[in-house]
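Enquirer: this one's structure only:
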Ligand SMILES: C[S@@+](CC[C@H](N)C(=O)[O-])C[C@H]1O[C@@H](n2cnc3c(N)ncnc32)[C@H](O)[C@@H]1O
């Protein structure tokens, strides 16, 4: 990466950090309304979607005592779930405010989690080869200008044989305008950003499957499984709440054509032994 690209990435990520710091208060109130975070330690499957929970079980195995880092941890559903499974969890987010909320919630739940502020493209506080599992979840890649940086760091911090399991919004959901009744193209699949939100001051990216998996391969990670799944609940199509949706018909592609395409892309990638 040239110095100019590195500087531009840092500027965009810093703008995203400021925006997350800014919205963190109302985001926390919204999440308190659905309250999913309270349930994750006891019902860890709720901390994941897109089959990622099953990928962790079948590839990384039993979590008790394992060292896990969740990057771009946000609501920390995955971190709370993994801590409930007795993993030793580190939670990384770029936003101090997001971490403050998560840390206060972890205290309420009696969970011991290490919270650290860092950009996922620069995990300098974490030593090489120290984690059994790296996770990222729903709505992580969209904030990342430098996928190469993320996969380089993931590979670096994983122990040989360790896994990176992620689930995220499937790239095939990105080209469409919002809405569920008709499918209308908003932009080509290959237009990946940055998409600038002048009001929020953010920079978002809609990476393709090739962008994600080829960059992982270039970093030296080996793909063990890829899953492409529909939404498990109509709430996915109804807004941001994790409470059960009200219109199950939205899961039917005849009512909601976008349901004919996968909504989650999940993968298990391994650092070779
Ligand atoms: C919509 S949340 C989604 C994350 C999480 N999967 C969740 O479900 O809450 C996005 C989170 O990513 C964090 N984030 C954005 N850019 C980041 C970066 N470059 N490195 C680490 N975290 C980042 C934000 O601060 C925010 O907490």
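Expert: All right, it came through fine. Being a predicted model, the structure only gives us computed values, none of them experimental.

Enquirer: helices or strands next to the top helix by length along the chain in the packing?
Expert: When the chain is parsed with DSSP state H, its longest helix is helix 3-34. Judged by 3 or more CB pairs under 8 Å, 6 or more residues apart in numbering; DSSP states H and E, helix 3-34 is in contact with helix 96-109, strand 202-204. In this view, the C-beta of every residue, glycine as well, is placed from N, C-alpha and C.

Enquirer: how does it look with 10 Å?
Expert: Contact partners of helix 3-34 among helices and strands, from 3 or more CB pairs under 10 Å, 6 or more residues apart in numbering; DSSP states H and E: helix 36-39, strand 88-93, helix 96-109, helix 147-157, strand 195-197, strand 202-204.

Enquirer: Out of these, flag the one nearest residue 254.
Expert: helix 36-39 (29.4 Å; CB to CB).

Enquirer: Could you see whether the ligand lies near stretch 3-18?
Expert: Yes. Residues of stretch 3-18 contacting the ligand under CB under 6 Å from any ligand atom: 13, 16.

Enquirer: Now do that stretch, average pLDDT.
Expert: In this model, stretch 3-18 has an average pLDDT of 95.

Enquirer: got it, and stretch 26-46?
Expert: pLDDT averaged over stretch 26-46 gives 97.

Enquirer: hmm, it touching the ligand?
Expert: No. Using CB under 6 Å from any ligand atom, stretch 26-46 never reaches the ligand; the gap is at least 8.0 Å.

Enquirer: Would you format the helices and strands packed on helix 3-34 as TSV with mean neighbour count and distance to residue 230 included?
Expert: Shown next, in TSV, are these (neighbours: other CB atoms under 10 Å; distance: least, CB to CB, whole Å):
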stretch	mean neighbour count	distance to residue 230
helix 36-39	19	20
strand 88-93	25	28
helix 96-109	18	29
helix 147-157	22	25
strand 195-197	13	25
strand 202-204	21	23
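
Enquirer: returning to that earlier point: pull out the buried positions in the longest helix of the chain.
Expert: 8-9, 12-13, 15-17, 19-20, 23-24, 27-28, 31, 34 (16 or more other CB atoms under 10 Å).

Enquirer: Check the residues you listed and tell me the two furthest apart.
Expert: Farthest apart among those - using CB to CB - are 8 and 34, which lie 35.8 Å from each other.

Enquirer: Now the chain against the ligand: closest residue?
Expert: For the chain and the ligand, the shortest gap (CB to the nearest ligand atom) falls at residue 74, measuring 2.4 Å.

Enquirer: which residues sit in contact with that residue?
Expert: If you count contacts by CB atoms under 10 Å, 6 or more residues apart in numbering, residue 74 has them with 20, 24, 27, 31, 91, 93-95, 98-99, 101-102, 136-140, 143.
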